[in-house]
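In: coordinates only, sequence not included:
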């Protein structure tokens, strides 16, 4: 059971790394608007993935960075919705 949990956490962390890079690349090349819902959702969920794997590995610098990233994304998301 613990091994499956570790694999899930690692997979979520890899999603986070790939998601952040993908969102940045897609917005940089004009395929995704930074003012759009999709961009913010990818950023929030990807940062959450890196946060989870960072806390699991007791690596608190990227965890802290990604908490800030999530907060910024949530504020931007609220701004988009309202």
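Out: Cool, the structure landed. This one's a predicted model, so the numbers in the text were calculated from it and none came from an experiment.
In: Residue 8 and residue 39, how far apart?
Out: Residue 8 sits 25 Å away from residue 39, going by C-beta to C-beta, to the nearest Å. C-beta: built from backbone N, CA, C; applies to glycine.
In: Give me the more crowded residue out of the two.
Out: residue 39 (21 against 11; other C-beta atoms under 10 Å).
In: Does that one touch residue 27 like I think?
Out: Yes. Counting by C-beta atoms under 8 Å, residue 39 touches residue 27, with 5.9 Å between them.
In: Which SSE is immediately downstream of the helix of greatest length in the chain?
Out: When the chain is parsed with DSSP state H, its longest helix is helix 2-28. Sequence order places helix 37-56 as the next helix or strand after helix 2-28, per DSSP states H and E.
In: Could you name the helices and strands sitting against the helix or strand just after that following helix?
Out: Sequence-wise, the next helix or strand downstream of helix 37-56 (DSSP H and E) is helix 60-81. Helices and strands touching helix 60-81, by 3 or more C-beta pairs under 8 Å, 6 or more residues apart in numbering; DSSP states H and E, are helix 37-56.
In: which outside residues touch the helix it packs on?
Out: With contact meaning C-beta atoms under 8 Å, 6 or more residues apart in numbering, helix 37-56 is reached by 6, 9-10, 12-20, 22-23, 26-27, 32-33, 60-63, 66-67, 69-70, 73-74, 76-77, 80-81.
In: one more time with 7 Å
Out: 9-10, 12-13, 15-17, 19-20, 22-23, 27, 32-33, 62-63, 66-67, 69-70, 73-74, 76-77, 80 (C-beta atoms under 7 Å, 6 or more residues apart in numbering).
In: Ok, stretch 59-76 next?
Out: Contacts of stretch 59-76 (C-beta under 7 Å, 6+ apart): 40, 43-44, 47-48, 50-51, 54-55.
In: farthest pair in those?
Out: Using C-beta to C-beta, the contacts of stretch 59-76 reach their maximum pairwise distance at 40 and 55, which is 22.2 Å.
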